[in-house]
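# turn this into a structure:
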Amino acid sequence: MSATPVAQSRTESARSSPAASSSRRSLAAALLLGAVGAAVVLLASGQTWAQGAADAVGGTIPLKADGRDVTGVPAALAVVGLAALVAVFAVRRAGRLLVSALLALSGAGAALAAFLGADGSGTLDEQARRTTGTSDAAAEALTHTVWPYVTAGGGLLILIAGLLALRYGTSWPAMSGRYEREGAAPRKARQGAADPDRPEELWKALDRGEDPTGDQ
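The predicted structure follows:
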């Protein structure tokens, strides 16, 4: 008589196991990709993206522009992406979808801004005008580094993390729910029987409408 429930229980466990495993893998992948992507963007955007020189009286002046000189958008969006990655676990349902979309958009925006700013010539021209004091000065002998594209790659990692959150985020655990479950037991334990050796506990129990001698 008991074989059927046991068989059904095993069947349900077998069905739920792949789904739980997929949820754990997607969660780990999103956390890793989002964190690594943000770190890459913040690091690479602080590196030299372009170099050049400006003609001036007495010779040439070397010019150099790092990613944040060219555009501060990737670094700012990386910070937004990190905040969204953490917030994914603090919200549920529609809120989680919105935060996941923000995470994906942060990555896409960081990648696009880095790609569009890879040339850096406009920033170097501005440095040339400011350095030489002439309005028509322009940077020459331009060279570029790989760091803008590394920054764009970091943004793409954040984008993938956001897409994973959009696809699998509904099955991920919620931070607030876990804390509520963990905090419920201690609260109930604190509201248990009062210690008869401590009069203040007896008064507190009476204030709660409990019988302080009920469990003795």
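# every contact and neighbour count from this point should use C-alpha atoms.
OK.
# the bottom helix or strand of the protein by mean pLDDT?
Lowest mean confidence among the helices and strands of the chain (mean pLDDT, DSSP states H and E): helix 175-190, at a mean of 50.
# report how many residues lie close to Ser22.
Neighbourhood size, Ser22 [other Cα atoms under 10 Å]: 14.
# ramachandran angles for the closest residue to Arg93 other than its chain neighbours?
Excluding its sequence neighbours, the residue lying closest to Arg93 (Cα to Cα, 6 or more residues apart in numbering) is Thr170, at 6.7 Å. Main-chain torsions, Thr170, degrees, to the nearest 10: phi -70, psi -20.
# so who does Thr170 touch?
Arg92, Arg93, Arg96 (Cα atoms under 8 Å, 6 or more residues apart in numbering).
# so of those residues, which ones are in strands?
Per DSSP state E, strands hold no members of the contacts of Thr170.
# can I get the buried part of these as one ChimeraX selection?
Buried residues within the contacts of Thr170, by 16 or more other Cα atoms under 10 Å, are selected in ChimeraX with:
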select :92,96
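# Ala78: what secondary structure?
Counting by DSSP: H, G, I helix; E, B strand; the rest coil, the backbone at Ala78 sits in helix.
# out of everything not next to it in sequence, what's closest to it?
Distances taken as Cα to Cα, 6+ apart place Ala38 nearest to Ala78, at 4.9 Å, with adjacent residues excluded.
# what secondary structure does that neighbour sit in?
Three-state call for Ala38 (three-state DSSP): helix.
# what's the pLDDT at it?
For Ala38, the model assigns a pLDDT of 96.
# I'd like to know how many residues surround it.
So Ala38, with other Cα under 10 Å, has 29 neighbours.
# could you number the chain from 92 rather than 1 from now on?
Fine by me, first position is 92 from now on; the one you just mentioned is Ala129.
# show me the shaky parts of the protein.
92-111, 266-307 (pLDDT under 70).
# where along it do the helices fall?
For the chain, the helices defined by DSSP state H cover 94-135, 158-161, 164-178, 184-207, 212-223, 238-259, 266-281, 290-298.
# and this protein, what are its domains?
Domain assignment for the chain, taken from automatic domain parsing, gives 117-264, 265-307.
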